[in-house]
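*Asks:* Kindly return the folded structure for what I paste below:
(one chain, ligands or ions: 1)
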Amino acid sequence: MATNSNGPRHQSETVSQGLHDLFEYSPSILIADPRRSVKTDVPFWLYDKHLDSRLNLLHVKSLSALPESLAAVADAAVESLADRGIQLPETGRSFPGNARCQGRQLQVTNANSVASYYSDTTALSCVTFASMLGIHPRAPSWMTALDWGMFPDWSHSWAWEDEFSLRIKYDRRKKAFYFPDELVQFLDVQTLKDLENAAKRLPALATWVIGPVSRKTEDVLRDMDKFIAMNEFKSKIPSTTGLPPLTTRVFAESPDATLTPWEVGERYFESRSPHECASSEKRPRRSARLRNARLGQKIPDARKRPTASSTCQHSFGPQKATTTTPNDEFVICPGAEAIPLSEAGRLLQHAWATSVQKDTSLIIFHCGNFERIGIRHRKSQTLYLSDLIDVPNIRNPSYGKLHLGLHMAAFNDTLDRAAQLRELENMPISRGLTPTDLRRPKRKAEDNLWSANKRSQQKEGTPNAPPHDFNCVFREAGLRDLALLQFQYGIYNSTSPSSFLRVRNSLWPHTKGSYSPRLHRKYLPNEYFRIILSSLIGDGSTGIVHSAMLELKTHDHRSMTCDVVVKFAFTAEQQRRLRNEYSIYGHLSASGVTGVIVGVLGLFEDIEGGPLALIMSHGGISLDDRGEQPNTVEERMSERAAFLHAVKSIHNTGIQHNDLRTPNLLVNGSGGVTVLDFDMANFHASESARRGERAALGVLLDEIYGLESDATSETGTSTTSSYENSRAESVETVGDEI
Ligand SMILES: Nc1ncnc2c1ncn2[C@@H]1O[C@H](COP(=O)(O)OP(=O)(O)OP(=O)(O)O)[C@@H](O)[C@H]1O
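*Replies:* From the prediction side, this is the model:
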């Protein structure tokens, strides 16, 4: 190794000192601010229970040698510089690994302040060193192509934060790197291509789940040992029984890295005696670790991966036998969870699901003074966990070197997998891919609710037939109180449905109110409906919105389907807003407003304590998502008038929307318009407030449709006046001046 206690011998004094400081760095001890109460609830949500069974966590195994394996990556990188005779540029500043930081105590308040400390110290040094050592060692000054931070998809309110990750500095929206131009010059074309390929396919290089400093969060990390001792992990799925799992596979499989410094999968078993496999683990020889870190090893393909069926048995525990009626239709037993997962189990399942969603291999569980590092091995559906790391006190390796190795390993792992994904994507289909074809998730039409009943498939309304008019379906579904929700898109493919019980009536006219909050033990096929969530439309401040297909079975055994949209509200504040939205829809429906708002099938609640769901008809595509506006001035004017008319009819009931923006203004294929998202709306708005809202909408629509400029530039003065006439007409139509 080219390092001694003063750092690598061949580097300049400042570089040696910097590397030495980082390699020996130990963070301060963090203490919780005694004036603040610390929230400690563990994240866990609906989505965690609906992963495809082949993506679920099945085993948790011990990998005590992981810190050493990671530190060996840092050592190997320094050694490689020496081998190649590369001298790093002088460092002009001190790094947070400086000895002055050590031994101090710092006060923190919550997970975010723990993350800030990590970001300002460990991560700040590691992104720079990892980038210099691993990506561009010949750069003339210290720069970094990596970023560590919070990249939120959606904000929630758990005590643990799961949105932190390491990334390549690449803006996917602008399709451009955002590291210094100077750095680009030192990256060859192939490296830039590889970086871009990785950043596009796998933007998160590792998943950090960060908790607050407290005895309870430390215990959660400690309790993970219990899952290692059990050697199997029973992922929590919804406890509703009766409906067979979806069988169609929808996710695109992602490979493990071929070159890794850690020994997992077959290599884990190879390096252990049978006794060790069952109980603890053997530390690999240091020379082997170094070799692996530098050269990597192919994982031999000897051990058979668990089959889908064994996976199901393993992970989901005993399921009640499917009960069928004489017609082979499914009787459903909505069940509340029998044995809840412990907090450690919930954190493991949630972090695993987050890592599946981000497609990272490394998961770091960190709560200030304690940490565990996990490796997600896809093929065996196993999480390999380090021992509990005492952050301020760990030595050999010390924390700085361990995390530098971790940053470098996460980068290498991602580049390796992104290259495999690119290769697999470029393979012709006929060559038979393993893992399975990554290009298109497959979806077969046969996965319908009634597939067990062959006779019903011949009849009207099977999913192979075009969907029904939602009016007919809503009339029937509005009489039912149980909605079975299944996810089938991306990484989600429900093994069992989540049961959602009606908490508010259908607002569809002519639906007899049958609202009953009582949960029955069993439901016959004509007493429930099923919803298959097929894509994410968007997420906003009230929750997450999905496109879905509603399927139901009528009393005379016909199947009916229609497109719906499901909006989930998770936090208390979101649920308050969603209830407000529902009551606004209730008021509009009771006032006879139809055609310009979506049909609402009701408000439903997850019986396992999950979110509230508003189920509604599909209102079309938003002006935001549509992209191009209509070609002709006439069409634009007609749409403009339709929106103003719609809002006028809403205003006439005393409602003010308060959020009239392009994402909430929808057009449908048949020329109609829909106004949605009433969670900010209020009753009894003053006439002038409503008029003001219409005026603002008029201005917004003018801007969107570019009416004035088009009218002038395209057809000159005469058209301008005809446009003005039409505008006046549209204003007259809505019976008010804009
Ligand atoms: N019934 C629907 N039909 C079609 N698209 C819908 C429907 N409901 C919602 N959407 C789409 O989902 C997006 C988010 O929905 P919505 O605005 O209701 O959520 P939100 O959480 O209140 O968002 P925001 O924070 O923007 O207010 C909408 O902009 C719209 O494009």
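*Asks:* C-alpha only now, for contacts and for neighbours.
*Replies:* Will do.
*Asks:* What ranges does the stretch 351-500 of the chain have for its helices?
*Replies:* Along the stretch 351-500 of the chain, counting by DSSP state H, counting those that start in this stretch, helices occupy 399-426, 454-458, 470-477.
*Asks:* just checking, which of those helices sits deepest inside the structure?
*Replies:* Of the helices of the stretch 351-500 of the chain, the one with the most neighbours on average (mean count of other C-alpha atoms under 10 Å) is helix 399-426, at a mean of 23.
*Asks:* name the helices or strands packed onto that one?
*Replies:* Secondary-structure packing of helix 399-426 (3 or more C-alpha pairs under 8 Å, 6 or more residues apart in numbering; DSSP states H and E): helix 13-23, helix 66-84, helix 124-134, helix 189-201.
*Asks:* worst average pLDDT in the helices of the stretch 351-500 of the chain?
*Replies:* Taking each of these in turn, the one with the lowest mean pLDDT is helix 454-458, at a mean of 34.
*Asks:* And stretch 36-48, end to end?
*Replies:* Across stretch 36-48, the terminal residues are separated by 30 Å (C-alpha to C-alpha, to the nearest Å).
*Asks:* Equivalent analysis for stretch 225-241, please.
*Replies:* One end of stretch 225-241 to the other measures 31 Å (C-alpha to C-alpha).
*Asks:* quick revisit: I'd like to know which of the helices and strands packed on helix 399-426 is closest to the ligand.
*Replies:* Of all those, the one in closest proximity to the ligand, counting by C-alpha to the nearest ligand atom, is helix 189-201 (24.4 Å).
*Asks:* quick check: angle from the closest one to helix 399-426?
*Replies:* Between helix 189-201 and helix 399-426, the angle comes out at 90 degrees (axes from the mean of the first three to the mean of the last three C-alpha atoms, to 10 degrees).
*Asks:* tell me the average confidence for helix 189-201?
*Replies:* pLDDT averaged over helix 189-201 gives 96.
*Asks:* Now that helix: buried residues?
*Replies:* Asp194, Leu195, Glu196, Asn197, Ala198, Ala199, Lys200, Arg201 (16 or more other C-alpha atoms under 10 Å).
*Asks:* Format the helices and strands packed on helix 399-426 as a markdown table; extra columns: distance to the ligand.
*Replies:* Putting these into a markdown table (distance: least, C-alpha to the nearest ligand atom, whole Å) gives the following:
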| stretch | distance to the ligand |
| --- | --- |
| helix 13-23 | 43 |
| helix 66-84 | 41 |
| helix 124-134 | 33 |
| helix 189-201 | 24 |
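*Asks:* Ok, which of those helices comes nearest Leu603?
*Replies:* Taking C-alpha to C-alpha, helix 189-201 is the member of the helices and strands packed on helix 399-426 nearest to Leu603, at 37.0 Å.
*Asks:* residues making contact with the closest one?
*Replies:* The contact list for helix 189-201 (C-alpha atoms under 8 Å, 6 or more residues apart in numbering) reads Arg167, Ile168, Tyr170, Arg172, Phe177, Val184, Thr414, Leu415, Ala418, Ala419, Arg422.
*Asks:* From the buried residues of helix 189-201, pick the one nearest Leu536.
*Replies:* Nearest to Leu536 among these: Arg201, at 18.7 Å, using C-alpha to C-alpha.
*Asks:* Would you map the strands across the stretch 101-250 of the chain?
*Replies:* Per DSSP state E, counting those that start in this stretch, the stretch 101-250 of the chain carries strands over the ranges 105-108, 146-150, 161-168, 170-171, 176-177, 207-210.
*Asks:* tell me the most buried of those?
*Replies:* Of all the strands of the stretch 101-250 of the chain, strand 207-210 carries the top mean neighbour count, a mean of 26, counting by mean count of other C-alpha under 10 Å.
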